[in-house]
Each structure stands twice: as structure tokens, then as C-alpha cells.
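**Student:** sequence unknown, structure follows:
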């Protein structure tokens, strides 16, 4: 079934252009033939609602979107595949061969919060060049923003204690890399995933697994081997057999300089207290306690009063803590009213059943503050921006005439997110289900 | 934050060896230094439970695991990264540079069903060479099996009607490719994802989006453009404005030879009946009806009596219909009792709190049939296989001495899954929550 006819690396594809739904290409073909392919068009990414009970959304993946747009090329192997499968005709293949996105993209900067109706991304250019980007843009934003939103809630719950992303084994191997990145934006400090370290420079950390203890004839042998190799600052896993015995052995082997112990099972609240007391009695009062057993934001919050120094989070983080995807859509909201180059833009929107109504027209957004500077509304509008909102616009230029101008180091969206969350009403930090903390107001001319 | 210092394709990593948790490498370092790295070891992949209410699990991703194991190499850029970040020491880097998996892997063949405790995969070799594979093997199996399980339930609900995978925009762009593959194994017929077509030869299909209709001055213009370009056999999207008007226009434009219409919103049950009647009255009695609005297995089942010809499924498929990951773990279950080459294997298992008990020892599995040939129990054992079960073993060789021998075209696991599901008790096809349809029995010497 492998088209290339030989085993290939499962991670190598020639270009991000393949991350595209079949129908994007056939629409391009029909529009090219019909003469409408180059009508100036505005597509917007937005969501009609937040996941049930969530107070705010977190934009993540913007940097990956920019990479994807820049690398969206139809190289020869891809064209050959499309030809062999008769996906599109020869004129369309010729157009695809020359494809580069030459339009403009602006949007909420990465790390920013968003609400229902927020115009998270705006893609503007010819219809065909813009519609082609739909699938990959939504893939990235829907996945990464889901993980970042979960990470942000966990970061709120964890307060000043660091969070380690450890979910690689629970999600697709490349999702895991993007998840580690999104978790970092949302407030995590490090990851277990080496690919995320390699690709994005996120600090990687690790402890050891039960298998390492079980490999040895005794737990002591395992601890000696680990400390001998990794130093006294290492983290020893203490729940393979009996926790109290393991903690005593750990301090005997490493001394009070032992870096940390990890607890991966059992009643974490009780165990953390017991282990802290035991460590203190053994003189290891600077040895830290790391807990890692199926944590989510609620479990983290419930450990706030426990003597825990760091949390490792896996499954629930990379699966968006119950919401593994956002419901962002990519909709045509305006297009040239005719084929003349100076044709004005005309708002368009689907009108149909099922609550899928969209608001037509290219939109601006502003976050209106109250007198104390706390955000009180997400204002989304078409037409001119009211003067009192001019200083509170949300959105930046990301791509101008096909050239990426919005790239930034990953610490920038991470810091931005912390600030954006802090500017929301305090109820944003409540983990309980509720309405979005900002209502979206629409302003139309 | 990009270590390489320049923008790179987000999809290119040098090797699957990077899809690995930090601690796997530090455990290798400690074991190399401690002299235990090459103790013969048996790791098993299994799950302690199925997702809440599910009747059976579906093994998927095995073929991708084989690719990942084959490509698990530490090339110079990766070694350089590990050195720069001081992840491991120089002796370990030298060992990694020569790394090839030279052990054995056997397991449930792809497409097979599984139950709590089923030894889905067994990896045997030296401790270090096996422990390194943990993360990437679990990433693949946990993701792909979750999607395949959802796909299988949807295939049961759909009966003979084809299912189209359309979820690329709802999940990470490379998860999407693996999801399309897993969905095919679970019973889907085609995908919208071009990368899945390119990589795995899965048939790709597409219709058109609301944007295409909105691009045109009238719906009729859009239909004319699409039919002119794609032919009368195309699928026209009929819910941008008024469905009844669109259906009439569609048949006027394409004639009764119109291939299909797609409905993407509204009350699908009602609309399908109305549209079918309208199409029949217009003479388009062979025009098919495709529905695609946020479907899951329950929505598909509820449309069984409706005149629907095919289902397109997105979000709920690629997110595992409520269970986006499985809880498969990779555990050391036996290892050499000492360092002599002929040392016997000794069963090992973590003993601790929190219900995380594991059964030690390398296991075989058999699916015991009743007198009618229907499976009645999943039998998992250590020690000799009872003679009456010898003909009912589950599990095949996949890798022998590092050489992949279990690769197969994707239609094979797809057919296998259909047969395996058909051999289960009829309650496996119930969508309602319940216990696994087979109980797992343990046989120990």
C-alpha cells in the first residue's frame, strides 16, 4: 500500500501541502476552470463556542502555522501522486506546481486568549491560494490550542510549582511534539519528549521507570546504579515495592543531597505528607517530591496543600483534559464582488439550519477593559473600529505578501499567555464549569 | 528556540529515535555503567482495562510500529543534540550511535481485537535495546488503537454503507494521517486526507465546501462550475442556503446523472427523507445522499432507517469517540536472573498501591471458542499452553533478530478485523456501554 514502493520513514513527507483534504484541490480545479479562482477572498478562523464549561480558550500553534504556510509546496512526488490518482486535471497540476502563498495573514498572537467568535486568524488573498490552506491551518490550531487550554488550567492549579509534560506515550508521536510545545506556551516548564527538546529547544527532563528497579536484584542495587551514573541530584522512583522502605534506602544511597523522589501511584495526598515527613526526619529536607499519577487540573488543585514540589502530567494534558480538539472553523467571510481587480469586498455567510450561522464580513477584535484595567468584553466587529477601542485591538500581522513576519521565540507566547490570562476577570482561574469569562459583543456598522 | 537555527519543515525529524522520553536514555546510561544493560528482558504491552463501557479493543498501528523500530537510529544531529544538552554521557552516546534493535517482537496481529490483560505486543532482547522503544511503541499503539476502536463501532453502526474519514482538520496534521490509516483498518472505506492517500494508498475522496458556493454570485453558478469541471458524477453540497432549492438546482444543472448530494447541517434524519423524495421525484433516483454533520456511532445508528448512502465522519472519529487514547503500558515482565548468558528468565512485577498491579512473566494468549465457534474467553497465561488451546493461540512473529518479518498490506489487517469482530459474541455490536464481551482468564502454572 506504500505508494513509494519501499519502506520510508513514517515522519517524512515532502511538504505540508499534503496535509490537505482532497476537496480543497478539486475546488481549486473548478474555480480555475470557472474563472473565479483569483477572486480576492477573506477567510477567518474562529470558533462558535468554547468546549463545554471552559472559561477561555488559548491560541496555540501559530508558529507552526507559519512554518506550514512557508513550506506549502507541491513538489514533483506529490504532483505525480495527484496525477496518478486523477485527483485534479493537468491545468490544476501546473497551477499547483507554481503554488506559493502570496497573500496576507493576521491573527491573535500565539498565547493570547480567545472567546466564541474571536477572529483568531484571518487569511486574505485569491480564493484558490487561501482555500488550499484550510486543512493544515485547522489541524494545527485545533490540536495545539486544545492542549494549550488544558495546560493553562493545569498551570493555574499548580501555582508556582513547575509542571513537566510527560504525555508522549499517550498520543501520536508527532502530536506529542506539538503537545509539548503547546504545553510550554500554556505554562509548563519542561517535557520528557526528546523530539520536542530537539525541535523547539524546550528543556527535557526525566527520572526512571519501574522497569529499571525491576531489572535489578534489589531496589538498593537499582538506586546505587542510578545515583552512581546520574549523581545525587537525580530523582529516584520510590513506589515499585514499599514506599517507606524505598525512601529510607534512597536517602541511605544518595545521602541528604538526593535531588528528588517520584511517586507514581497510590494516594498521592497521603503519600506526599508521609514521604515529606520521612525525608525531613532523615535530614533530606531539601529533597523534592515529584508526583505523576494520572494527574489533571483537578488532581493538581487537590494537592495544593500537600508538600509536592512538581507535577508530571501525561494523558490528560495531551488529550486536552476532556477536550482533545477545539471546534475552530475556517470560513469564507468576504470575497470580491466580481472579477475586476478593484472590485469591492462583499460579506458572505452560509445561511442554514442547525445553529451553524456565521457572521459575514472581515472582522476586527478588541478586548475592552473596565476602569481597573481588567478585561470586561471581547468586542468583534465589521466596519470601522470605535475610537474608544482603538487602543485595545487584538491581532497582529503574521504574513505579508507571502512573507512570514510574525515568527517569534517560544518564550514570547509563553509570557504573553501568562499576561493575557492575568488580565482576565478572576473567575478565569476557577476550574469549575461555567460560561466564558468574557461575553462576545458584535459591533456592525 | 529552534535548535537547528533555521526554519525547518515541521514534519522532518532525522529518525524515530527522537520520539523517546528523556528517562529511557538515562536508564540506559545507568544500566550500561552498572553492567545490567544487556540482561535479557521481556517487555509486554497490555492494558489493564478498556475505555469505560467499551466491549472490545482493536489493535492498530502495528505496521507503523515496525517502521518505527526499523528506523530507530541515532544519527549525528541527534547525538550532537544529546551531547550538547548533556542528556547522557559519552559512553552512552557511543552505544547509541551503534544502536539497532536486534531482538524479537511478537504480538497480536494488526486488526485483531483485544481485552484487558491481552499481551498485545512482546518485545524481547537486552534491557537497554528494549527499554528504548517504549515511548514510540506506546505512542503509536495508544493513538492508532483508539481511533480504530471508534472506527470499528462506527462501521458496525453503518452496516453496509461506506464511511469516509474526514477528520484531518480536527487533529494534529500527522495524527490525521495515522488516524486515516487506523480508520481504514477499523472499517472505513476512504479518507479526505491526501497525505494518507500518498503514504498508505488509502482511496481519497472529496466533495466541496460552503466556501465554494459562497465564492460564486449564485448557488447555480457554483454548481455549474463544479459540474463543468468535475463531471456529473460529482457530489454537490446542498445546504448553503435552502436545501430544497439547492436540490432542484443541482438536478437542473447536472441532470439525473448527478452523483450525490451532501448535507452538512440541520436535522439529518428529516432532511435525508425529504431530499430522497425530492430527488426521486426529479428522476434522480440513483443520486446518492451523503451526510456529514458531527457524526458519531450513535448518530450513524440513528440514521439506519434513513435513506442515507454514505457517512462522512470527522471529529468524533479522530478523537476516538470520547476516548482519544488507550491506556496501554509497556512493562518489564521478566528478565534474566543474573548476568550469565544462559541465566533463566525470572518473572518480575511492580507491587504497589493504586490498582496498578501487573502480572509478571512472559505471557501467551488464546481465544477460546464455544461449541459454535464463537469466542467465549480471552485466556492469558504463563507457562505451558494447555493442549486444548494450542489451536486457538493469538499472536504472530513480527520481528526476528531485529529483522522485520510481519509487514503486510493494509487490506490484510482490515479484513482481519472484520473477521475477528464477527467471531465475537453478538453483544460486541451493541453500542451501549457494558462490560468487555470476553472475560480475561489467567492461567498460571
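**Tutor:** Happy to help now that I have it. Please read all numbers here as calculations on a predicted model, not as lab measurements.
**Student:** show me where the stretch 151-300 of chain A has strands.
**Tutor:** A:163-165, A:190-191, A:235-237, A:260-263, A:288-291 (DSSP state E, counting those that start in this stretch).
**Student:** ok, now the stretch 301-445 of chain A?
**Tutor:** Remark: strands assigned in the stretch 301-445 of chain A by DSSP E, counting those that start in this stretch are A:310-313, A:329-336, A:345-347, A:364-369, A:375-381, A:396-400, A:403-404, A:439-443.
**Student:** Format those as TSV; extra columns: mean pLDDT, distance to residue A:277 and mean neighbour count.
**Tutor:** For every residue, glycine as well, the C-beta is placed using N, CA and C. Listed next are these as TSV, based on pLDDT from 0 to 100; distance: least, CB to CB, whole Å; neighbours: other CB atoms under 10 Å in any protein chain shown:
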stretch	mean pLDDT	distance to residue A:277	mean neighbour count
strand A:310-313	98	19	23
strand A:329-336	97	53	23
strand A:345-347	94	66	17
strand A:364-369	97	47	20
strand A:375-381	97	43	21
strand A:396-400	98	51	18
strand A:403-404	98	54	14
strand A:439-443	95	48	14
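**Student:** coming back round to it: nearest to chain B, of the strands of the stretch 151-300 of chain A?
**Tutor:** Nearest to chain B, of all these, is strand A:190-191, at 8.1 Å by CB to the nearest CB.
**Student:** quick one, what contacts residue A:255?
**Tutor:** By CB atoms under 8 Å, 6 or more residues apart in numbering or on different chains, the residues touching residue A:255 are A:232, A:284.
**Student:** Near chain B, which residues of the stretch 301-445 of chain A are found?
**Tutor:** A:315, A:318-319, A:324-325, A:327, A:330-332, A:335, A:348-354, A:356, A:407, A:409-411 (CB under 8 Å from any CB of the partner chain).
**Student:** so what pLDDT did the closest residue in space to residue A:68 that isn't next to it in sequence get?
**Tutor:** Sequence neighbours aside, residue A:16 is the residue nearest to residue A:68 in space, at 4.3 Å (criterion: CB to CB, 6 or more residues apart in numbering or on different chains). Residue A:16 is assigned 90 on the pLDDT scale.
**Student:** what pLDDT, on average, does the longest helix seen in chain A get?
**Tutor:** Counting residues, the longest helix found in chain A (DSSP state H) is helix A:134-158. Averaging pLDDT along helix A:134-158 yields 98.
**Student:** what separates that helix from the chain centre, distance-wise?
**Tutor:** 3 Å (CA atoms, centre = their mean, to the nearest Å).
**Student:** anything in it near chain B?
**Tutor:** Yes: in terms of CB under 8 Å from any CB, part of helix A:134-158 sits within range of chain B, namely A:134-136, A:138-140, A:142-144.
**Student:** contacting residues around the spatially closest residue to residue A:54 that is not a sequence neighbour?
**Tutor:** Distances taken as CB to CB, 6+ apart place residue A:149 nearest to residue A:54, at 6.6 Å, with adjacent residues excluded. Applying CB under 8 Å, 6+ apart to residue A:149 gives the contacts A:51, A:54, A:56-58, A:186, A:320, A:323, A:326.
**Student:** one more time with 10 Å, if that's ok
**Tutor:** Residue A:149 is in contact with A:50-51, A:54-60, A:113-114, A:182, A:186, A:320-321, A:323, A:326, counting by CB atoms under 10 Å, 6 or more residues apart in numbering or on different chains.
**Student:** go on, residue A:350?
**Tutor:** Contacts of residue A:350 (CB under 10 Å, 6+ apart): A:331-332, A:356-358, A:360, B:209-211, B:213-214, B:237, B:239-241, B:264-265.
**Student:** how many neighbours does residue A:272 have?
**Tutor:** Neighbours of residue A:272 under the rule other CB atoms under 10 Å in any protein chain shown: 21.
**Student:** just residue A:42 next, same as before
**Tutor:** Neighbours of residue A:42 (other CB under 10 Å): 26.
**Student:** tell me which element it falls in.
**Tutor:** Using DSSP states H and E, residue A:42 sits in strand A:40-46.
**Student:** partners of that strand, with directions?
**Tutor:** Partner strands and pairing direction for strand A:40-46 (DSSP bridges) are strand A:121-126 (antiparallel), strand A:329-336 (antiparallel).
**Student:** To residue B:106, which of these lies closest?
**Tutor:** strand A:329-336 (44.6 Å; CB to CB).
**Student:** circling back to that earlier point, buried subset of the residues of the stretch 301-445 of chain A next to chain B?
**Tutor:** A:315, A:318-319, A:324-325, A:327, A:330-332, A:335, A:348-350, A:352-353, A:356, A:410 (16 or more other CB atoms under 10 Å in any protein chain shown).
**Student:** Break chain A down into its domains, please.
**Tutor:** For chain A, automatic domain parsing gives the domain ranges A:21-126+A:327-443, A:207-305.
**Student:** For the shortest one, what does the pLDDT average out to?
**Tutor:** Yep, that's domain A:207-305 we're talking about. Mean predicted lDDT for domain A:207-305 stands at 97.
**Student:** From the chain's centroid, how far away is that domain?
**Tutor:** With CA atoms, centre = their mean, you get 31 Å for domain A:207-305.
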